[in-house]
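Student: got a sequence here, can you build the structure:
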Amino acid sequence: MDQKRLIVAIAVSIAILLGFQFLLPKTPARIPAQQTAANLNPAAPETVRRSTDPSFPGTEPQAVPPPKDVPRIPINADRVSGSVSLRGGVLDDLVLRDYHEEVSPTSPLVRILEPQTDPEPNYIQYGWTSDTPGVKLPDEATMWTPSAKELTRAAPLTLNWDNGAGLVFSIKLEVDDFYMFTVTQSVKNNTGAPVALHPYEQVRRDYEPVTAGYYILHEGPLGVLGGKLNDPSYATVKTDAAKNGGVAETLPTTGGWIGITDKYWLTAVIPDQSAAQTSSYRFGKSATGPTRYQTDFVSTAPLTVAPGAEMSTSFKAFAGAKEVHTLARYEQMEHIPLFSYAVDFGWFWFLTKPIFYALDWLNGVLGNFGIAIMVFTVFAKALFFPLANKSYRSMSKMKLLGPKMTALRERLKDEPAKLQSEMMQLYKTEGVNPASGCLPMVVQIPVFFSLYKVIFVTIEMRHAPFFGWIHDLSALDPTNVFNLFGLIPIDPIQYASFLHLSAWTLIMGSTMYAQQQLNPPPPDPMQARLFKFMPLIFMFMMGRFPAGLLIYWSWNNTLTIAQQWLIMRRTKIGPTAATALPRTPKSQGAKS
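Tutor: Next comes the predicted model:
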């Protein structure tokens, strides 16, 4: 029975690690969009058409992108910089001041919004639709007149446009200390008749995004609609839109938010939380135009502007990093439902979130996320100490029972049923549970998975250094034994992904081997040989895990070794265990 339990424990451990290998993302190369300004056909212009259906706002994808020399108004805020295009009044150029593409501080800053003239257009658009035929509305070709030369935290920017038919439109843009814009759209009616308009706001991505297909991380359209998280994939939106004329899904909702998310970045629009809206996920691709993914809100009830009157409506637009505390602050202060869910903490959020907050607090105290992981591991070991103490005591007794179990097997090798019965009686007499050795591994699994999730999805862990050669805990340890730690100018991973055996992987394997020596070896020689190869197997399986996770595993193994060694030293052989095994009477033994 103990052999079966050991086999099951080994099988479960390997299955878990193989499962993690399946969840690990591949690192995709950044490739350009399929449709760029360079390969669009300028000789076949397509008429820009404004949809009069309030359920489908915006314009069709343009065959000819707007010129690059469009006048712009600079954005100069604390956490972002960029510009607003006066052609269409689009928020389409934004750079994050605090984040670089690579670890090096000299690498380019992350650009989160890009105009239509760039290879990967990603922007926030807003405007009006009307139920009244013939109403001239602003569109992507509209040239707006600015009220200032710059948009800053202290100085909002207002854009104005007169349609020449009695309607004057304006857009007021404000930016806060982080990543939130407030957009107020106004209409003044100088005609002699009322005008009914539907305001809309949308996030557009006019290219085919390249993702690594993260199983444990959502990338793509995302929103909270009707109080529930809605997160269709790019593939789902594309498939459903093909069946429904470009509209993948339309949902009536009051409040909420909608947008498109990447691993660390989010672009989203947040309407008036008390207004009834229609939200949509869309996909489109014209014959000559670019691919377009779109998420949008359209006001269900029209905004009716009486003659001589002026009315306005506002929404908020988020374009920035998915910082946990920043999103939580917006969720609370701006009353944005479940805005912090933009960070994909997953189904086990009740574990991953507390672990993140614990690590983040420790990092604030210690100034290093790697040290925070190590201190957190100490607390976790202390929390589970009673269970581990019982387990390791049982394991130490198992080790002491080794000679007796061997003697039993030799004496009763031809009587398996009796052998099993006497072994169970021996376990009961000595107070040993053969399965208890699996408990520390089982307890560690949820913590291991949750920590992996935190390291992988939170931007706070991105580019977080440790010591020595580890400059990013969320990335692979850059060293590799197969190129002699950089002495040979080759990258073994290009030949096979498992050929990444880093320095921290070797440390992890060494601590695992040392821990293994304290455990009672399996009595079966074949199982014992397999057991000895486990550290090597785990090293190859975990070689592509983030460095932060390898540091955690190595440190956890080290603490386990110290704890187990101390417990085993204090474990004494009881009187029963010290005595010799009772001999089986001849009458009960084999026939002579």
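Student: all contacts plus neighbour counts: C-alpha atoms, from now on.
Tutor: Fine.
Student: how about low-confidence regions in the stretch 451-592 of the chain?
Tutor: 520-525, 527, 568, 570-592 (pLDDT under 70).
Student: now the helices: where do they sit in it?
Tutor: Ranges of helices in the stretch 451-592 of the chain, per DSSP state H, counting those that start in this stretch, are 503-516, 525-542, 547-570, 575-578.
Student: Asp139 against Gly127, yeah?
Tutor: Yes - Asp139 is within contact range of Gly127, at 7.5 Å (criterion: Cα atoms under 8 Å).
Student: of the two, which one has the most company?
Tutor: Between Asp139 and Gly127, counting by other Cα atoms under 10 Å, Gly127 is the more crowded of the two (24 against 21).
Student: how close does the more buried one get to Leu173?
Tutor: Distance of Gly127 to Leu173, given as Cα to Cα, to the nearest Å: 13 Å.
Student: just His471 next, same as before
Tutor: 38 Å.
Student: of those two, which one has the most company?
Tutor: Leu173 (22 against 19).
Student: helix or strand: which one has that one?
Tutor: Secondary structure from DSSP states H and E places Leu173 in strand 167-175.
Student: now tell me what touches that strand from outside.
Tutor: Outside strand 167-175, the residues within contact range by Cα atoms under 8 Å, 6 or more residues apart in numbering are 77, 89, 138, 151-153, 155-163, 181-191.
Student: so how far is Ile336 from Thr253?
Tutor: 14 Å.
Student: ugh, wrong one, Lys381
Tutor: Relative to Ile336, and taking Cα to Cα, Lys381 is found at 37 Å.
Student: now Pro115
Tutor: For Pro115, the distance to Ile336 - Cα to Cα - is 27 Å.
Student: select only the buried ones of the contacts of strand 167-175 in ChimeraX?
Tutor: Buried subset of the contacts of strand 167-175, written as a ChimeraX selection, criterion 16 or more other Cα atoms under 10 Å:
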select :77,89,138,151,152,156,157,158,159,160,161,162,181,182,183,184,185,186,187,188,189,190
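Student: in strands, which of the contacts of strand 167-175 fall?
Tutor: Counted as lying in strands by DSSP state E, out of the contacts of strand 167-175, are 151-152, 157-162, 181-189.
Student: look at His218 and give its secondary structure.
Tutor: coil (DSSP: H, G, I helix; E, B strand; the rest coil).
Student: rewinding a little: among the helices of the stretch 451-592 of the chain, which is nearest Pro465?
Tutor: Smallest distance to Pro465 across the helices of the stretch 451-592 of the chain (Cα to Cα): 9.4 Å, for helix 547-570.
Student: residues in contact with the closest one: which ones?
Tutor: With Cα under 8 Å, 6+ apart as the criterion, helix 547-570 contacts 370, 373-374, 377-378, 381, 389, 392-393, 396, 448, 451-452, 455, 470, 472-477, 504-505, 507-509, 511-512, 514-515, 518, 542.
Student: try 6 Å this time
Tutor: 396, 473, 476-477, 508, 511, 515 (Cα atoms under 6 Å, 6 or more residues apart in numbering).
Student: out of these, the closest to Ala235 would be?
Tutor: Leu476 (28.7 Å).
Student: surely that closest one and Pro546 touch.
Tutor: Yes - with contacts counted by Cα atoms under 6 Å, Leu476 reaches Pro546, the gap being 4.7 Å.
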